[in-house]
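Visitor: Sequence and predicted structure, then a few things I'm wondering about:
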Amino acid sequence: MHDRSSVVRAVEFYSGIGGLHLALKRSKVPGIIVKAFDWDPNAAKVYNANYGPSLATKKDIFELSAPLLASYCADFWILSPACQPYTVLNPNAQGILDPRAKSFLHLVQNVLPELVEMGAHPTHFLVENVGGFEGSTTRQILVSQLHSLGYTTAEFLLTPLQFGIPNSRLRYYLLAKTAPFTFPACVQAEKTYRCIPQYHEHDYKTPSPWIDPRMNFDMELNDMHASEIRHYLDDEDGSPSSPHLHAVSDRVLEKWGRLFDIVLPSTKRTCCFTRGYTQLVERAGSIIQMNTELDTGKTFDSFLKAQAAGQQDAVSILRPLLLRYFTPSELLRIFHFNPPLHQKKIQSSLLSTISSTAIGAKRDESSPSNFEFVWPEGISNKTKYRLIGNSVNVHVVTDLINFLYEDWEPGLTTARKNP
Ligand SMILES: C[S@@+](CC[C@H](N)C(=O)[O-])C[C@H]1O[C@@H](n2cnc3c(N)ncnc32)[C@H](O)[C@@H]1O
């Protein structure tokens, strides 16, 4: 029997490639994921290759029942439901009416109250969704249900830029627990994250206005605090003159090139990478210009002039910019699945110092600092981009889990009856 007094048992819903799993692993909380659910077979395959065979089950979450979920004896539910019903990028987003919202509402409205009645409910929650979710009816239902079942909640709108990571990815987060949040900790969080946690208690209907980092005058400051994107790039970039494997094709450059968000290795931000990265151009994620000698704007002006004058092969003017997509491994670093290269170098030199001084010391493969995300055989680049674009920034979620378990001490996990 598992010792429930010292380890937090978590179930992960909408598990994707396990950004929330990794965040729990890297947090101060000694937690384990006991089960994960996602209906996408590729996501489950990647998840299981990284975190343990058969941990993620391919399943429609709408079909999960309270007795099944009670059997996992979970203290903590972590969930990042489908965001399409709420995203501002989808002009036809239908919120609660979208069929993709149905499985999450099933968990909140049907399963959770049944678990509370059984005395088998989780004590802690973390929900992640897109910026825009905060204004949805689903969020109102979620918060009111949690409060009526005795949970307290705190809500955040956060972007990795606020954490010094050069990527804008505005996300809504809700934390909930059966114990109250302590107010000083909320103030502390405000200081750390430079955003106001929405501390609702029982006043969810009249929340104070959301502080949206997109509107934040601090944003420029945050931007300056972020590290340069060069630290997240792959080490080798081949010969600068040969086309990179992920180079933007002439065809795309010719037709859509001017619509890309283009960054340099020295830039301290990128825009949000979505599941459509490399398939869509606008608002799908930044591309990088590897030739820093050329001025982007002037080069594009020359190209547009040549194109307007009907010059054949006008696109050859853009080629020297060496424009390319970020590679999947670079995105994994930006999303903090894998450490940025400069951190990795520090880590590996530390490791070699430790192992050279501790004779016979074994490398602990289960330690979060030794984790290296892997892709199993047969996952195409297109699928990799889709899965990463769906995922979360692991660093941000790790901080949130630490904040949620602000008062965690070994032995404090509430042991409940095993139904
Ligand atoms: C926003 S992504 C979550 C990504 C995940 N947190 C990660 O780190 O990769 C939403 C995931 O929910 C899955 N999904 C959506 N609706 C589902 C349902 N009804 N049942 C199971 N999985 C579902 C999708 O396949 C997708 O992987």
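Guide: Arrived safely, thanks for sending.
Visitor: I'd say residue 385 and residue 332 touch.
Guide: No: assessed by Cβ atoms under 8 Å, residue 385 is found out of contact with residue 332, at 11.0 Å. Glycine gets a C-beta too; all of them are placed from N, C-alpha and C.
Visitor: Let's see the pLDDT reported for residue 276.
Guide: Residue 276 carries a pLDDT value of 90.
Visitor: Spatially, what comes nearest to it if we skip its sequence neighbours?
Guide: residue 284 (4.7 Å; Cβ to Cβ, 6 or more residues apart in numbering).
Visitor: That neighbour touches residue 260, doesn't it?
Guide: No: Residue 284 is beyond contact range of residue 260, at 9.3 Å (criterion: Cβ under 8 Å).
Visitor: now the residue located most distally from the centre of the chain: how far from the ligand?
Guide: Within the chain, residue 309 marks the point farthest from the mean C-alpha position, 44.8 Å out by Cα atoms, centre = their mean. Per Cβ to the nearest ligand atom, to the nearest Å, residue 309 is found 46 Å from the ligand.
Visitor: quick one: that residue from residue 381, how far?
Guide: Residue 309 sits at a distance of 36 Å from residue 381 (criterion: Cβ to Cβ, to the nearest Å).
Visitor: Kindly report the residues of the stretch 251-400 of the chain close to the ligand.
Guide: Residues of the stretch 251-400 of the chain lying close to the ligand by Cβ under 6 Å from any ligand atom are 390-392.
Visitor: isn't there a strand covering residue 175?
Guide: Yes: counting by DSSP: H, G, I helix; E, B strand; the rest coil, residue 175 is found in a strand.
Visitor: Sort out for me which of the residues of the stretch 251-400 of the chain next to the ligand are in helices.
Guide: Per DSSP state H, helices hold the following members of these: residue 390.
Visitor: could the residues of the stretch 251-400 of the chain next to the ligand go into TSV alongside distance to residue 60?
Guide: Shown next, in TSV, are those (distance: Cβ to Cβ, whole Å):
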residue	distance to residue 60
390	17
391	20
392	21
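Visitor: I'd like to know how many residues surround the residue of the stretch 1-150 of the chain found nearest the ligand.
Guide: Closest to the ligand within the stretch 1-150 of the chain is residue 16: 2.2 Å, counting by Cβ to the nearest ligand atom. When neighbours are counted by other Cβ atoms under 10 Å, residue 16 registers 24.
Visitor: Run through the residues that contact residue 315.
Guide: With contact taken as Cβ atoms under 8 Å, 6 or more residues apart in numbering, residue 315 is in contact with 250, 253-254, 257, 303.
Visitor: Quick one: buried ones out of the residues you listed?
Guide: With burial judged by 16 or more other Cβ atoms under 10 Å, the buried subset of these is 253, 257, 303.
Visitor: Check those residues for the minimum pLDDT and say which it is.
Guide: residue 257 (88).
Visitor: wait, doesn't that residue sit right on residue 303?
Guide: Yes: here residue 257 reaches residue 303: they are 7.4 Å apart, a contact under Cβ under 8 Å.
Visitor: anything in contact with each of those two?
Guide: With Cβ under 8 Å, 6+ apart, residue 257 and residue 303 have common neighbours 315, 318.
Visitor: host element of residue 9?
Guide: strand 8-13 (DSSP states H and E).
Visitor: so, in contact with the ligand or not, the next helix or strand after that strand?
Guide: Next along the chain after strand 8-13, taking DSSP H and E as the criterion, comes helix 19-26. Yes: for helix 19-26 and the ligand, the contact criterion (Cβ under 6 Å from any ligand atom) is met by 19-20.
Visitor: follow-up on the earlier one: check the gap between the residue of the stretch 1-150 of the chain closest to the ligand and residue 140 for me.
Guide: Counting by Cβ to Cβ, the gap from residue 16 to residue 140 is 25 Å.
Visitor: just residue 151 next, same as before
Guide: Shown here: residue 151 relative to residue 140, a distance of 15 Å by Cβ to Cβ.
Visitor: same deal with residue 73?
Guide: With Cβ to Cβ as the criterion, residue 73 and residue 140 are 30 Å apart.
Visitor: More neighbours: which of the two?
Guide: For residue 73 versus residue 140, the count of surrounding residues by other Cβ under 10 Å is larger for residue 73: 19 against 14.
Visitor: what are the ranges of the helices in this protein?
Guide: Under DSSP H, the chain gives helices at 19-26, 41-51, 66-70, 102-106, 112-118, 137-148, 183-193, 219-225, 250-256, 296-308, 328-334, 341-357, 381-390, 394-404.
Visitor: Same list (those) but as a markdown table, adding distance to residue 166.
Guide: Below are those laid out as a markdown table (distance: least, Cβ to Cβ, whole Å):
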| stretch | distance to residue 166 |
| --- | --- |
| helix 19-26 | 18 |
| helix 41-51 | 24 |
| helix 66-70 | 38 |
| helix 102-106 | 31 |
| helix 112-118 | 38 |
| helix 137-148 | 29 |
| helix 183-193 | 17 |
| helix 219-225 | 8 |
| helix 250-256 | 24 |
| helix 296-308 | 17 |
| helix 328-334 | 7 |
| helix 341-357 | 13 |
| helix 381-390 | 16 |
| helix 394-404 | 12 |
